[in-house]
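Asks: Just need the structure, nothing else, for what follows:
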Amino acid sequence: MSKYPFQNIEPKWQKYWEDNKIFKVYEDEKFAKDKRRYVLDMFPYPSAAGLHVGHPEGYTATDIYCRYLRMNGYNVLHPMGFDAFGLPAENYAIKTGTHPKVTTNANIEKFTQQIKSLGFSYDWDRCVSTCEPDYYKWTQWIFLQLYKKGLAYEAETPINWCPSCLTGLANEEVKEGKCERCGAIVTHKTIRQWILKITEYADRLDNDLEGLDWPESVKAMQHNWIGKSTGAEVTFTVADKDGKPTSNQLTVYTTRCDTLFGATYMVVSPEHKIIPEITTAEQADAVKKYQEEAAKKSDLERTDLAKDKTGVFSGSYAINPVNGKLIPIWIADYVLISYGTGAIMAVPAHDDRDWDFAKKFNLPIIEVLKSEVDVQQQAWTEDGIHVNSEFLDGLNKQDAINKMLEFLEEKKIGRKAINYKLRDWIYSRQRYWGEPIPLVHCPSCGTVPVPEEELPLTLPEVKTYQPTGTGESPLAAIDEWVNCKCPKCGGAAKRETNTMPQWGGSCWYYLRYLDPHNDKEFCAKDKEKYWMPVDLYIGGAEHAVLHLLYARFWHKVLYDIGVVSTKEPFQRLVNQGMITSFAFQRKNKTLVPVDEVEQKDDKFIEKATGEELEQIVAKMSKSLKNVVNPDDEIKAYGADSVRMYEMFMGPLTMSKPWSTQGIVGIHRFLEKVWSVSEKPMADIDITGKLEDKALISARKTFAQTVKKVTDDTATLNFNTAISQMMIFINEVSKLNEVPKSMWADFVKILSPYAPHLGEELWEKLGNSKTIAYESWPTVNADFAKDDEVQIVVMVNGKLRDKFMASPNTDQEELKSTAFTLEGVKKFTDGHEVVKTIVVPNKLVNIVVK
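Replies: A predicted model of the protein is given here:
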C-alpha cells in the first residue's frame with residue numbers, strides 16, 4: 001500500500017486548476033438570482049512578512065463554502081486582490097530608497113504564491129491591486145463624485161506630528177505617545193486636510209444596520225461609534241474678566257440640559273478657535289504654555305479617566321443662560337476638539353470627571369439631582385429628583401428635560417438637537433505612497449476637479465521619499481508635477497499634494513471585482529445587478545468599525561448617484577476567530593521569546609535565568625518568536641492538512657491556539673483516507689437489501705455523515721463536519737472492500753475540505769474531469785436513522801435513569817418503561833404522581849409529591 005503522496009498531488013492539481021482556469025466565473029443568466037452567490041474575503045495588505053497561519057483561516061472557510069456551493073448548483077463569485085497602498089512600503093522607501101511599488105509588487109508576488117499553495121478556488125483573472133493606476137483611476141473617480149456632492153471639503157485640523165521625522169503620522173503609527181518609527185514624542189500640528197462628510201449619512205448608517213445578518217456585537221460597535229444621542233444645544237454668552245457680556249458665544253451639546261442649574265464652570269479644548277478671543281492678557285502666557293503641553297499628548301492620554309486632571313483658566317467667564325450666574329471658562333485637555341463642539345458645561349456634582357477637575361481647582365459643586373451621597377465628597381452619577389433647580393424642582397429626569405427644552409426654545413438660547421459621536425472622516429495623508437487627490441488649486445477659479453477623462457492622475461517618479469518637513473507630502477517638492485494648468489481657465493495652478501489614505505482603495509474593492517478590466521466605468525451596471533450584494537463576507541473583528549463603516553458610507557453615496565442597485569454592500573458578515581500561539585510568561589507577567597525557553601521534566605524554564613515559566617496563549621508576534629509560517633507546515637504536512645487543521649481547531653468564530661500535535665493528527669487522518677482509497681473498490685448496490693452487518697453499519701454511518709457534513713458545511717460548522725468524516729473513515733476502514741458508489745460520494749464531500757486529495761481520489765476512481773462541479777451527494781434519510789434512541793428519565797427535574805428505545809416509540813410505552821426502572825422507582829414509590837410529560841425520542845419527566 002503506497003504512502004499518501006501529498007508532495008506530488010498538490011502541485012499537480014494547483015497547476016491543473018490554473019492552466020484550465022477551473023474557477024473562472026461568468027455572469028451566466030441560466031443561473032437564477034437565488035442560485036448566485038458572492039463570497040468575499042477581506043482585502044489583505046501584502047506585508048513583507050508574508051502570510052502566517054492566521055491569515056488562511058478565513059480564506060479556507062470561504063473556500064470550503066464556495067466549493068460546496070458550486071457542487072450544489074450555484075454560480076459562485078470568489079475573488080482575491082490586494083490592498084496595496086500602505087505605510088510600511090513608504091517607510092521602507094524612506095529608509096532604503098527602493099520605490100514602494102517595487103517592494104509592494106514583490107510582496108504581492110510572495111502573497112500570491114503562498115495563497116495559491118493552499119489550493120484556494122479564486123478566480124485569479126479578477127485579481128486587483130489598489131496601487132495600480134487602472135484601479136485607482138476609479139478610486140479618484142469616486143472621490144470626485146463625493147466632491148461634486150459637497151461631501152468632501154478642506155479644513156485646518158490637527159494631526160499627529162513627529163518632530164524628528166518631520167511628518168504627519170496616522171493614529172496607528174503612534175504607540176504610547178511616541179513615533180513608531182523613531183521613538184520621538186509625538187505632538188500635534190494643525191494643517192490643511194481634506195475631510196469627507198460621513199456625518200451626513202450618520203442616520204442611514206445607523207438605521208440600516210437592522211436589516212443586515214451581522215454579529216450583534218459588530219452592530220453594537222457600529223451603533224456606538226456612530227453614537228447617536230438626543231439632547232440640546234445651549235448657547236452661553238461669553239463675559240470679559242469683569243463679568244461684562246461680549247459679542248462672543250459658546251455653544252455646547254448636552255444630553256442633560258436639565259442639569260444646567262448645576263453648571264459651575266465651562267471647559268474648552270486647547271485647540272478651540274475661541275481661545276484667542278477669551279484669553280486675557282494676564283493669562284496669555286499660561287494658556288500658551290498649556291496648549292504646547294497638550295499638543296504633546298495623544299487623545300488616549302488626554303481622555304484617560306485615571307490621569308491627573310490638568311487645565312488653565314482663560315481669564316474670561318460665561319453667563320449661565322438659565323440663572324444669569326457667571327461661571328469661569330477653563331481650558332483643559334480632557335475635552336477634545338473632535339467631540340461635540342469642543343466645549344462643555346461642567347456639572348461636577350453629577351459627573352466623575354468634572355468632579356475631579358472641580359476638586360483640583362477649587363470650583364463650586366452644586367447638587368441638582370437628589371443624591372444618596374454628599375456631593376462635596378464624591379459625585380452622584382445616578383438619577384434623582386431635581387433640587388436647587390428653580391422651576392425644575394421636584395421633577396423627574398424626562399419631565400425636567402422636556403420643561404428645560406421648552407424654556408430654552410422659548411428664550412431662544414437653545415434648541416433640541418441630535419448629536420453623533422461620529423466625526424467627519426479626515427481623508428488626506430501627507431504621504432507619497434497613496435492615490436493622488438484629483439484636484440487643482442487655481443488662484444482665479446478656486447479648487448477645480450481634474451476632468452474625469454484625464455484620470456488616472458498618476459504618481460510621479462521621485463528621487464526621494466523623505467517628507468518635506470512642512471507637514472506637506474513629498475509630492476509638494478516636485479515642482480514639475482505640482483505646477484499645472486487650471487482645467488477651467490487654463491491659467492497657472494497647482495495640484496493638490498495630499499494623497500488618499502489606505503482606506504480609500506479598500507472602500508470599494510468588492511465592486512471592482514465585478515468588472516476588473518472595464519476602462520469605461522468602475523463597474524458595468526448589469527454585472528453589479530447580477531452579483532450584488534455580497535452574500536457572505538468573512539474577516540477579522542478588527543475591521544468591525546472603520547473599514548466596514550467607510551465602505552458602507554461610500555456604497556450609500558454610489559447608491560444615491562444611481563451607479564449601484566443596493567443600499568448596503570454586505571448582507572451577511574462573519575468574523576473568524578484569531579489563531580493564536582503559545583508564549584511563556586515570567587512571574588512578573590513579562591513575556592519570554594520562545595527560543596529562550598527550554599523544557600525540563602514537563603516544566604518550561606528560561607534558559608538565561610533558570611526561572612520556571614507559565615505557558616500561556618498569546619498573539620503571534622515576531623518579538624516572541626512564536627509566528628507559525630504556513631510554508632513550513634505545508635512542506636511538512638501538505639496544504640490539505642493545513643486547511644483541515646485550521647477548520648478542525650474549533651468553531652470558526654472562536655480564537656484558538658495553533659498546535660503542531662493537532663496538525664499531525666489531521667495529517668494522519670488524511671493518510672488513513674489515502675489508505676482506504678487503496679482498498680479494492682466493489683460495485684455493490686448499497687441502496688438495496690444487504691446481509692453483511694459491517695456493510696450495513698458502514699452504510700448507516702455514511703448516510704449520517706452525508707447529512708452531518710451537508711448541514712455543517714452549509715452553516716460554516718466545519719470542525720464538526722470533519723469530526724463526522726473521521727467517524728466514517730474509522731468505520732469504512734474495517735471493510736475488506738469498499739462500495740465504489742459510497743466511496744465516490746465520500747470523496748465528493750471531502751473535496752471542499754481537502755481539494756487536492758479530493759481531485760486525486762476522484763481521478764483514481766476513473767474520472768477525467770475535475771470534481772469541482774460534480775453534484776453534491778443527496779442524503780438517504782432512511783439509512784441515516786438510528787436503530788435506537790436514548791430516553792432520559794427525570795423525576796422532579798432531576799436525572800434519575802435512562803433507557804434505549806426504538807425511534808418514535810409510542811408515548812404510553814415510553815411512560816410504562818420509565819416506571820419500571822430501578823433508578824426511577826426509588827423516587828416514585830410511596831409518592832403521588834402529579835403528572836408525567838413525554839418528549840418523544842428524548843425524555844420522560846415525572847412530577848411527584
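Asks: any low-confidence regions in the stretch 1-150 of the chain?
Replies: Counting by pLDDT under 70, the ranges of the stretch 1-150 of the chain that qualify are 1-2.
Asks: mind redoing it with 50?
Replies: For the stretch 1-150 of the chain, applying pLDDT under 50 flags no range at all.
Asks: quick one: the strands in it?
Replies: Assigned by DSSP state E, counting those that start in this stretch, the stretch 1-150 of the chain shows strands spanning 36-41, 75-77.
Asks: And for the stretch 351-500 of the chain?
Replies: Counting by DSSP E, counting those that start in this stretch, the strands of the stretch 351-500 of the chain are 414-419, 425-426, 439-442, 446-449, 483-485, 492-495.
Asks: So for the fourth one, mean pLDDT?
Replies: For strand 446-449, mean pLDDT rounds to 97.
Asks: Quick check: neighbours of that strand in the sheet, parallel or antiparallel?
Replies: strand 439-442 (antiparallel) (DSSP bridges).
Asks: try the longest one
Replies: Looking at strand 414-419 with DSSP bridges, its paired strands and their directions are strand 229-239 (antiparallel).
Asks: What are the buried residues along the strand it pairs with?
Replies: Within strand 229-239, the residues scored as buried using 16 or more other C-beta atoms under 10 Å are 231, 232, 233, 234, 235, 236, 237, 238, 239. Just so you know, the C-beta spots here come from the backbone N, C-alpha and C atoms, and that holds for glycine as well.
Asks: between these, which is closest to residue 197?
Replies: Nearest to residue 197 among the buried residues of strand 229-239: residue 233, at 19.2 Å, using C-beta to C-beta.
Asks: from memory that closest one sits against residue 251, does it?
Replies: Yes - at 5.6 Å, residue 233 counts as touching residue 251 under the criterion of C-beta atoms under 8 Å.
Asks: joint contacts of those two?
Replies: Shared contacts of residue 233 and residue 251, defined by C-beta atoms under 8 Å, 6 or more residues apart in numbering, are found at residue 341.
Asks: Take the buried residues of strand 229-239 and write them to JSON lines, including pLDDT.
Replies: JSON lines is the format used below for the buried residues of strand 229-239 (pLDDT from 0 to 100):
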{"residue": "231", "pLDDT": "92"}
{"residue": "232", "pLDDT": "94"}
{"residue": "233", "pLDDT": "94"}
{"residue": "234", "pLDDT": "96"}
{"residue": "235", "pLDDT": "96"}
{"residue": "236", "pLDDT": "97"}
{"residue": "237", "pLDDT": "96"}
{"residue": "238", "pLDDT": "96"}
{"residue": "239", "pLDDT": "96"}
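Asks: which phi and psi does the closest residue to residue 126 other than its chain neighbours have?
Replies: Setting aside the residues directly before and after it, residue 126 is nearest to residue 79 in space (C-beta to C-beta, 6 or more residues apart in numbering), at 4.3 Å. With angles defined as degrees, to the nearest 10, residue 79 sits at phi -100, psi 170.
Asks: ok, residues contacting stretch 8-24?
Replies: 78, 116-117, 119, 121-125, 634, 638-640, 755-757, 759-760, 770, 772.
Asks: Weed out the non-buried ones from these.
Replies: Buried among the contacts of stretch 8-24 by 16+ other C-beta under 10 Å: 78, 116-117, 119, 121-124, 634, 638-640, 755-757, 759-760, 770, 772.
Asks: For the strands of the stretch 351-500 of the chain, state which one has the densest average packing.
Replies: strand 439-442 (a mean of 20; mean count of other C-beta atoms under 10 Å).
Asks: C-alpha coordinates for it, PDB please?
Replies: C-alpha atoms of strand 439-442 as PDB (Å, rounded to 0.1, in the frame of the first residue of the first chain):
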ATOM      1  CA  LEU A 439      -8.000  68.400  -7.600                       C
ATOM      2  CA  VAL A 440      -6.200  71.500  -8.800                       C
ATOM      3  CA  HIS A 441      -5.900  74.800  -6.800                       C
ATOM      4  CA  CYS A 442      -6.300  77.900  -9.100                       C
END
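Asks: Let me see the mean pLDDT of that strand.
Replies: 98.
Asks: do the same with stretch 591-609
Replies: 91.
Asks: Can you show me the CA trace of that stretch as CSV?
Replies: What follows is stretch 591-609, C-alpha atoms only, in CSV (Å, rounded to 0.1, in the frame of the first residue of the first chain):
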residue,chain,number,x,y,z
LEU,A,591,6.9,37.5,28.2
VAL,A,592,9.9,35.5,27.1
PRO,A,593,10.7,34.7,23.4
VAL,A,594,10.1,31.0,22.5
ASP,A,595,13.8,30.4,21.5
GLU,A,596,14.9,31.4,25.0
VAL,A,597,12.9,28.7,26.7
GLU,A,598,13.7,25.0,27.3
GLN,A,599,11.5,22.2,28.6
LYS,A,600,12.7,20.1,31.5
ASP,A,601,10.6,17.4,33.3
ASP,A,602,7.4,18.9,31.9
LYS,A,603,8.3,22.3,33.1
PHE,A,604,9.2,25.4,31.0
ILE,A,605,12.4,27.1,32.1
GLU,A,606,14.0,30.4,30.9
LYS,A,607,17.5,29.4,29.7
ALA,A,608,19.2,32.6,30.9
THR,A,609,17.8,32.8,34.4
